[in-house]
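**Student:** build me a model:
(one chain, ligands or ions: 2)
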Amino acid sequence: MNILVIKCGGSIINELSESFFNSIKELQNRGYHIVFVHGGGPDINSMLEKFEIEPVFEDGLRKTTTEVLEIVELMLAGKSNRSLVHKLESHGIKAVGLNGSDGGILTGDYIDEQKLGAVGEIQQVNTELFGLLFEKGYCPVLTPISSTEEGNKLNVNADMAAGSVAKALSADMCLFVTDVQGVLKNGQIIEKLNETETKNLIMDGSIHGGMIPKVNTALSVLNKGIEEVMIVSGKDHFYQGGQFIGTKFLQEEGVFQ
Ligand SMILES: Nc1ncnc2c1ncn2[C@@H]1O[C@H](COP(=O)(O)OP(=O)(O)O)[C@@H](O)[C@H]1O
Ligand SMILES: CC(=O)N[C@@H](CCC(=O)OP(=O)(O)O)C(=O)O
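**Tutor:** Numbering: from 1, shown residues only. Ligands and ions are numbered 1, 2, ... in the order given. Below is the predicted model of the structure:
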């Protein structure tokens, strides 16, 4: 079975192009079973603003108080997930929306409760439901909300959640769909990146903000043996004539699995 995990950024859910959906259908026709994991940072921020709560980020992760967690879940499950599922279905792609914490799909633990509040990292992924949905031709569409073994909800960065799902499924491919064509330097797309080059771009500030968790997750997925890991745009064609367009992550030369 060919499995593709697609992380769909909150930055792009409302701007996905027709060619994005065509690419998804083409990949399904080529035999790929697709799991979507999505973000929703802008949706969360706009609701926080309505409640006059200032968003606070530490190293790209949202500080998540009990009050913020309620809004995060409300917006991810109630808005971002609904939008993506609706768009997929209206393009003829069978999709089922799930909160990551449903059915024990994403189980995690706190990263640093003192510093970040209810922010987690995934420790286990229950992939059973995916198999059932794939059998009937549905794409699971997951929020990055997870829960602890005790049942406490956790807010997980969506790039990291997608990476954990890709690793758990030993996916053939993991794509990070965002609002830029890939990793850029001086406005130009970088088509191929290895770990050293990526770290250097973070160090010199060329890669910053929301791109940091994305490239770090991309590298960690690559290091788990998933060969095709890319950052691509949801605004343009990301797949044409069997070729992907974006930034592809490559193992360092001389490094073997
Ligand atoms: N080197 C870079 N190349 C491209 N985008 C970058 C880079 N460094 C930072 N970014 C920023 O990262 C953003 C994508 O991350 P983010 O906003 O978190 O998107 P998403 O919601 O898709 O996860 C881009 O829109 C851009 O502003
Ligand atoms: C812990 C943490 O930061 N969680 C993220 C989850 C959503 C997300 O990652 O959305 P994007 O993909 O749009 O950035 C947040 O609260 O914004």
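**Student:** ok, the nearest residue to V156 once chain neighbours are set aside - contacts?
**Tutor:** Closest residue to V156 apart from its sequence neighbours, by CB to CB, 6 or more residues apart in numbering: P144 at 4.4 Å. Just so you know, the C-beta spots here come from the backbone N, C-alpha and C atoms, and that holds for glycine as well. By CB atoms under 8 Å, 6 or more residues apart in numbering, P144 lies in contact with 37-39, 76, 100, 106, 155-158, 160-162.
**Student:** let's have these in CSV, adding neighbour count, pLDDT and distance to ligand 1.
**Tutor:** What follows is the contacts of P144, written out as CSV (neighbours: other CB atoms under 10 Å; pLDDT from 0 to 100; distance: CB to the nearest ligand atom, whole Å):
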residue, neighbour count, pLDDT, distance to ligand 1
V37, 27, 98, 11
H38, 26, 98, 9
G39, 26, 98, 5
L76, 26, 98, 12
G100, 29, 98, 16
L106, 29, 98, 17
N155, 27, 98, 14
V156, 28, 98, 13
N157, 25, 97, 9
A158, 29, 98, 7
M160, 24, 98, 11
A161, 31, 98, 11
A162, 33, 98, 10
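**Student:** and of the residues you listed, the nearest to E89?
**Tutor:** Ranked by distance to E89 (CB to CB), these are led by H38 at 14.5 Å.
**Student:** distance of the closest residue to the closest one other than its chain neighbours from ligand 1?
**Tutor:** Take H38 and drop its neighbours on the chain: the residue closest to it by CB to CB, 6+ apart is C8, 4.4 Å away. Distance from C8 to ligand 1, counting by CB to the nearest ligand atom, to the nearest Å: 8 Å.
**Student:** right, and C8 touches L84 too?
**Tutor:** Yes - C8 is within contact range of L84, at 6.1 Å (criterion: CB atoms under 8 Å).
**Student:** what residues are shared contacts of those two?
**Tutor:** In contact with both C8 and L84: 36, 38, using CB under 8 Å, 6+ apart.
**Student:** give me the number of residues near S11?
**Tutor:** For S11, the count of nearby residues is 17 (other CB atoms under 10 Å).
**Student:** is it in a helix, a strand, or coil?
**Tutor:** On the three-state scheme (DSSP: H, G, I helix; E, B strand; the rest coil), S11 is labelled coil.
**Student:** and the closest residue in space to it that isn't next to it in sequence, how far from ligand 1?
**Tutor:** Counting by CB to CB, 6+ apart, D179 is the residue found nearest to S11 once chain neighbours are left out, at 4.2 Å. According to CB to the nearest ligand atom, D179 stands 5 Å off from ligand 1.
**Student:** contacts only, for D179.
**Tutor:** 9, 11-12, 15, 233-235.
**Student:** in a markdown table, list those along with distance to ligand 2 and pLDDT.
**Tutor:** Output for the contacts of D179, formatted as a markdown table (distance: CB to the nearest ligand atom, whole Å; pLDDT from 0 to 100):
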| residue | distance to ligand 2 | pLDDT |
| --- | --- | --- |
| G9 | 4 | 98 |
| S11 | 6 | 94 |
| I12 | 8 | 97 |
| E15 | 12 | 96 |
| S233 | 14 | 97 |
| G234 | 12 | 97 |
| K235 | 15 | 95 |
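**Student:** can you list those in JSON lines and add distance to Q188?
**Tutor:** Output for the contacts of D179, formatted as JSON lines (distance: CB to CB, whole Å):
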{"residue": "G9", "distance to Q188": "21"}
{"residue": "S11", "distance to Q188": "20"}
{"residue": "I12", "distance to Q188": "20"}
{"residue": "E15", "distance to Q188": "22"}
{"residue": "S233", "distance to Q188": "14"}
{"residue": "G234", "distance to Q188": "20"}
{"residue": "K235", "distance to Q188": "17"}
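**Student:** show the buried residues in the residues you listed.
**Tutor:** For the contacts of D179, a neighbour count by 16 or more other CB atoms under 10 Å gives the buried set as 9, 11-12, 233-235.
**Student:** which single one of those residues is nearest to E128?
**Tutor:** G9 (26.9 Å).
**Student:** residues touching the closest one, list them.
**Tutor:** 38-39, 41, 158, 176-179, 210, 234.
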